[in-house]
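Engineer: just coords:
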């Protein structure tokens, strides 16, 4: 599905200072969902009829820098096979194809600061489409049971949105809150970290490789240790 946020611009980091590439942000969003496969076959079947025993809980997944959701196909499909709908937005600037368009450097990574807003927008739209009879998401997704997961810059994006001081108003703009958050190779983002929402903090799973040099382990442990809300279930996996 294609979601368009008309309230925010998309920037071209090929110029200095960055110029406006588009007056809105077009967020192409992949939706993977359970199906009944003929003959018990497995694997993706684009456009297949959703399984009828929904609605299903939802994982909103944020990809890392200069890649696409399909980079994580095996992981995302395994979640679908476990009974989740997996919603994976393609960030408008930091994805693989825009990274190529801008010369393959690090400049488009500056747009990561806009990605927490993208995620909150996607959640708001999913919540609305869930209640729209003409949308195929009606009866398929249960946004009252959703969680965030992300890897690398995508994980840091989620950490900023859920826990960062800077994005508290953006987090509050979502009509539903995540029950769980999976930070896969991510760190702190956006100043101080605190969970001040009135509802209990979501469960946190932080996963880190001890050979990760892009997001060193101390960055992941700092986020884990700084997250407020002692009632939250928390795990740290290396």
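Structural biologist: Nice, thanks for sending it over. Worth saying up front: this structure is predicted, and the values here are computed from it rather than measured.
Engineer: what's the span of stretch 160-179, first residue to last?
Structural biologist: From its first residue to its last, stretch 160-179 covers 16 Å (C-alpha to C-alpha, to the nearest Å).
Engineer: Average pLDDT for that stretch, rounded please.
Structural biologist: Stretch 160-179 shows a mean pLDDT of 91.
Engineer: buried residues in that stretch?
Structural biologist: For stretch 160-179, burial by neighbour count (16 or more other C-beta atoms under 10 Å) applies to 160-164, 167-168, 170-171, 174, 176-178. The C-beta positions use only the backbone N, C-alpha and C, and glycine is treated the same way.
Engineer: Residue 131: which of these is nearest?
Structural biologist: Residue 131 lies nearest to residue 176 out of the buried residues of stretch 160-179, by C-beta to C-beta, at 11.7 Å.
Engineer: any idea how far residue 98 is from the closest residue to the closest one other than its chain neighbours?
Structural biologist: Distances taken as C-beta to C-beta, 6 or more residues apart in numbering put residue 143 closest to residue 176, at 5.1 Å, once the chain neighbours are dropped. In this view, residue 143 and residue 98 are 28 Å apart by C-beta to C-beta, to the nearest Å.
Engineer: the more surrounded of those two?
Structural biologist: residue 143 (23 against 20; other C-beta atoms under 10 Å).
Engineer: Just list the residues touching that one, thanks.
Structural biologist: Applying C-beta atoms under 8 Å, 6 or more residues apart in numbering, we find residue 143 in contact with 58, 123, 126, 127, 130, 175, 176.
Engineer: so where do the strands sit in the protein?
Structural biologist: Per DSSP state E, the chain carries strands over the ranges 2-5, 10-12, 19-22, 25-32, 56-62, 85-89, 141-151, 180-184, 203-207, 234-237.
Engineer: Buried residues, the fourth one. List them.
Structural biologist: Read it as strand 25-32. Neighbour-count burial for strand 25-32, counted by 16+ other C-beta under 10 Å, picks out 25, 27, 28, 29, 30, 31, 32.
Engineer: Return the member of those residues nearest to residue 153.
Structural biologist: Distances from residue 153 to the buried residues of strand 25-32, taken by C-beta to C-beta, are shortest for residue 27, at 15.5 Å.
Engineer: and that closest one, bridged to which residues?
Structural biologist: Note on residue 27: beta-bridge partners by DSSP bridges are residue 3.
Engineer: Same question for the one 5 residues further on.
Structural biologist: Beta bridges link residue 32 to residue 86 when assigned by DSSP bridges.
Engineer: pull the longest helix from the protein.
Structural biologist: Identified as the longest helix of the chain according to DSSP state H is helix 115-130.
Engineer: Now do that one: which elements does it pack against?
Structural biologist: Judged by 3 or more C-beta pairs under 8 Å, 6 or more residues apart in numbering; DSSP states H and E, helix 115-130 is in contact with strand 2-5, strand 25-32, strand 56-62, strand 85-89, strand 141-151, helix 153-163, helix 168-172.
Engineer: Thanks a lot, see you next time.
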